[in-house]
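J.: predicted coordinates and the sequence they were generated for:
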Amino acid sequence: MRRYVDGARGGLGRLLGGNEQIRLLQEELTEEREKVERLTEQNRRLKRRSQGSARRLGNVRFGDLRRLEPISREFGLDRGRPIDRYYIEGFVARNAEDIGGRVLEIKDSGFTRKYGGERVTESDVLDVDENNRRATIVADLTRADNVPSDTFDCIICTQTLHFIYDIGSAVRTLLRILKPGGTLLATFPGIGQTSCQRLDERYCWALSTLAAGRLFEEAFPGANFEIEAHGNVLAAVAFLEGLAVRELSKEELDHHDPDYELLISVRAIKPGDGS
């Protein structure tokens, strides 16, 4: 009988001990559930916060621009009118009244004929290449000793000076051969592709408005000149990719952002009579 009682007590003890273990396990399980719920709520808050940040910053979708090769390496010529030409032509058109009398243009007389009209009494074309049949004057702008001083009423020098390493000498030559009161219309590249093997182009310089200002202050002392930057981040990216004018809207092209100087233009008047 005693052995029976002792056995019953031992079994009861094991049962009570098992219940205690169950209770402890249940408490641990409850703690774990609470911990999971806290982590889940933290995850929800972080997700909402990240979504709010994404909405504020905007999601960037690169699309066709996620590439290591540009869409065109030919400045967009193979797609239409290059974007820098939009700003160059706009600058010349706005200053068309300056194009008159005896006019000198570099490489060809396209702008002289298009914007000068009957105001032009004599048209000359200058090129360093003697094989250019359109050239009436063959000369190197860093010297051009064969070109008389005080000769031209207007000089159109678009997208040329950045190819010349001694750019200061070239600008001084342009000043020398302008008549007193004559006007120089010049443009330079800012942000953009700096070479193109297919077109055999190699830039020496890509200027900013600050650099252009210093250059003309030194070469045109006392001259009246206006320097303007053209472009914005969208136009600059499109130009770097080789897109064409037709692929942006007029509003997008005309928007001006001084932090993105795609093209620099200069209108300079030589001191003297008529200035």
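T.: Sure thing, it's come through. Predicted model, so just to flag it, every value in this text is computed and none were measured. Numbers count the residues shown, from 1 in each chain.
J.: pLDDT weak spots in the stretch 51-200 of the chain?
T.: Scanning the stretch 51-200 of the chain with the threshold set as pLDDT under 70 gives 51-58.
J.: which stretches of it form helices?
T.: Taking DSSP state H, counting those that start in this stretch as the test, the helices found in the stretch 51-200 of the chain are 83-94, 110-111, 167-177.
J.: the ones you listed into TSV, with extra columns for mean neighbour count?
T.: For the C-beta atoms, the positions are set from N, CA and C on the backbone; glycine is no exception. TSV is the format used below for the helices of the stretch 51-200 of the chain (neighbours: other Cβ atoms under 10 Å):
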stretch	mean neighbour count
helix 83-94	20
helix 110-111	18
helix 167-177	20
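J.: got JSON lines for those helices, with distance to residue 76 too?
T.: Output for those, formatted as JSON lines (distance: least, Cβ to Cβ, whole Å):
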{"stretch": "helix 83-94", "distance to residue 76": "6"}
{"stretch": "helix 110-111", "distance to residue 76": "18"}
{"stretch": "helix 167-177", "distance to residue 76": "25"}
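J.: was I right to think residue 220 contacts residue 176?
T.: No: look at residue 220 against residue 176 with Cβ atoms under 8 Å: they stay out of range, at 10.7 Å.
J.: run through the neighbouring helices and strands of the lengthiest strand in the chain.
T.: Longest strand in the chain, counting residues (DSSP state E): strand 178-189. Counting contacts by 3 or more Cβ pairs under 8 Å, 6 or more residues apart in numbering; DSSP states H and E, strand 178-189 packs against helix 83-94, strand 152-158, helix 167-177, strand 263-269.
J.: what strand or helix carries the residue nearest to the spatial centre of the chain?
T.: For the chain, the residue nearest the mean C-alpha position is residue 236 (2.8 Å; Cα atoms, centre = their mean). In this assignment (DSSP states H and E), residue 236 forms part of helix 233-241.
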